[in-house]
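K.L.:
Need coordinates for the below:
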Amino acid sequence: MVAHTPAGGTGKLPAMSRTKVLSIVGPGRSGTTLLAGVLGEVDGVCNVGELRWLWHRGILQRRPCGCGRPPDECPVWSQVIAKLAMGSTETPAGVVAAQDELAARRHRLRVIRGATRADPDWSALQRVRAVTGQLIRAITDVTGARVIVDSSKRAQDAAVLAGLDEVDHYVVHIVRDPAAVAFSWQRRDKTVQVGDQVHTMTTRRLLPSLQRWSENALSAEVLRRCVPSERWMFLRYEDFVAAPRPTVSRLLAFLGEEENAPFVDEDSVVLGLQHTVAGNPNRFRVGRIRITLDDEWRSRMPRRRRLLVRALTWPLLLRYRYPVGDATARSRPTDPSARERQSPAEP
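P.N.:
The predicted structure is shown next:
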């Protein structure tokens, strides 16, 4: 998140302004952190990272913000937390308990459908939604942002935001070939260099990776039916990295933003320090970044594993236009004329 000073230096937006909130929904290792970071360099846009973790990892565990400090010492989040404390009776532990109730697998569909249906009898949902609304207002007051980008990834977290009356909510659903996702989670040598420190990425076995990929995709499909088509955009990771600048420009237009994409050339961007409250170690990267396709899985992932991935995920592969066989994925058209013939809500 990059802090911006609003007009007049008051820390508040004009009364008639409505904050736009973009939820990035998609499985981990699909470019969500990178996409959020690029958007965070646009003037008036704040990348807050994975917002759902503010109370647990940020406030209770005091894990570092993207600036390297715990949130209560961060120049941005400390102000946000102070505003929250003045306007809410909730405790961080209480919010985490309510979030845990919503996160249970048996409640997932109820949470997602709550994006468009009132559920007044469910206290946990009402509490999380109320404090999330207060949080969005506090972030807007402190940063003066027009757009807040939340890369929490899960459809149920996006559904909580979709139910807020005071924001204009948008969703970009990003997917990546599940074989690439599974391979990335299994790599034990994947590290991120941040200054003098080396961060090792979390690992996950093949079947749990595929289960989460499928659950994320199916949850997103349910959420898509609860979000207006003009507020939903589908994006494949492979198409994003093939044409980074046009893709980000299209995403900004989708949000109704007239700012230019923050690129120094067609596939390179300079990332500054952003106040991301949580996310994978890539959120700490600063400096010039060249966006390229990571397809190491094609040469290093055993063929039998690639075929197993296809066998377990083929219905969704067909929907998202990936090959069911062990072959190179077909690219979707990314030129504007082709996009005019496709709804942004449809894969």
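
K.L.:
now Asp295, nearest residue through space, not along the chain?
P.N.:
Leaving aside its sequence neighbours, Asp295 sits nearest to Ala180 (CB to CB, 6 or more residues apart in numbering; 6.9 Å). (Glycine included, C-beta is placed from N, CA and C.)

K.L.:
Number of residues surrounding that neighbour?
P.N.:
24 (other CB atoms under 10 Å).

K.L.:
I'd like the mean pLDDT over the lengthiest helix in the chain, please.
P.N.:
Identified as the longest helix of the chain according to DSSP state H is helix 123-143. Averaged across helix 123-143, the pLDDT comes to 96.

K.L.:
which other helices and strands contact that helix?
P.N.:
strand 19-25, strand 45-49, helix 77-87, helix 92-103, strand 147-153, helix 155-162 (3 or more CB pairs under 8 Å, 6 or more residues apart in numbering; DSSP states H and E).

K.L.:
Reformat the ones you listed as a markdown table; add mean neighbour count.
P.N.:
What follows is these, written out as a markdown table (neighbours: other CB atoms under 10 Å):
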| stretch | mean neighbour count |
| --- | --- |
| strand 19-25 | 25 |
| strand 45-49 | 29 |
| helix 77-87 | 18 |
| helix 92-103 | 17 |
| strand 147-153 | 26 |
| helix 155-162 | 27 |
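
K.L.:
Can you say which of these is nearest to Tyr237?
P.N.:
When these are compared by CB to CB, strand 19-25 sits nearest Tyr237, at 11.6 Å.

K.L.:
Just checking: what are the partner strands of that closest one?
P.N.:
strand 147-153 (parallel), strand 167-175 (parallel) (DSSP bridges).

K.L.:
Same list (those strands) but as a markdown table, adding mean pLDDT.
P.N.:
As requested, those are exported to a markdown table (pLDDT from 0 to 100):
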| stretch | mean pLDDT |
| --- | --- |
| strand 147-153 | 98 |
| strand 167-175 | 98 |
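
K.L.:
Turn these into CSV, including distance to Arg283.
P.N.:
Formatted as CSV, these follow (distance: least, CB to CB, whole Å):
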stretch, distance to Arg283
strand 147-153, 9
strand 167-175, 16
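
K.L.:
between those strands, which one is nearest to Ala82?
P.N.:
Taking the strands paired with strand 19-25 one by one with CB to CB, strand 147-153 is closest: 18.2 Å.

K.L.:
Just the angle for that closest one relative to helix 155-162, thanks.
P.N.:
Our comparison of strand 147-153 with helix 155-162, counting by axes from the mean of the first three to the mean of the last three CA atoms, to 10 degrees, yields an angle of 160 degrees.

K.L.:
tell me the angle of strand 147-153 relative to strand 45-49?
P.N.:
Using the same axes, to 10 degrees: strand 147-153 against strand 45-49 is 20 degrees.

K.L.:
Give me the contacts around strand 147-153.
P.N.:
19-28, 32-33, 35-36, 39-40, 42, 44-53, 136, 139-140, 157-158, 161, 216, 255, 257, 279 (CB atoms under 8 Å, 6 or more residues apart in numbering).

K.L.:
separation between the residue nearest to Asp295 and Ser152?
P.N.:
Plainly put, Ala180 is 21 Å away from Ser152 if you go by CB to CB, to the nearest Å.

K.L.:
which residues touch Ile291?
P.N.:
Leu34, Val38, Phe240, Val241, Pro244, Asp267, Ser268, Val269.

K.L.:
wait, which of these is closest to Gln61?
P.N.:
Once CB to CB is applied, the member of these that ends up nearest Gln61 is Leu34, at 24.5 Å.

K.L.:
That closest one against Arg283, yeah?
P.N.:
No - using CB atoms under 8 Å, Leu34 is not in contact with Arg283; the gap is 9.3 Å.

K.L.:
just the strands in the protein please.
P.N.:
In the chain, the strands defined using DSSP state E lie at 19-25, 45-49, 147-153, 167-175, 191-194, 197-200, 232-236, 268-271, 287-290.
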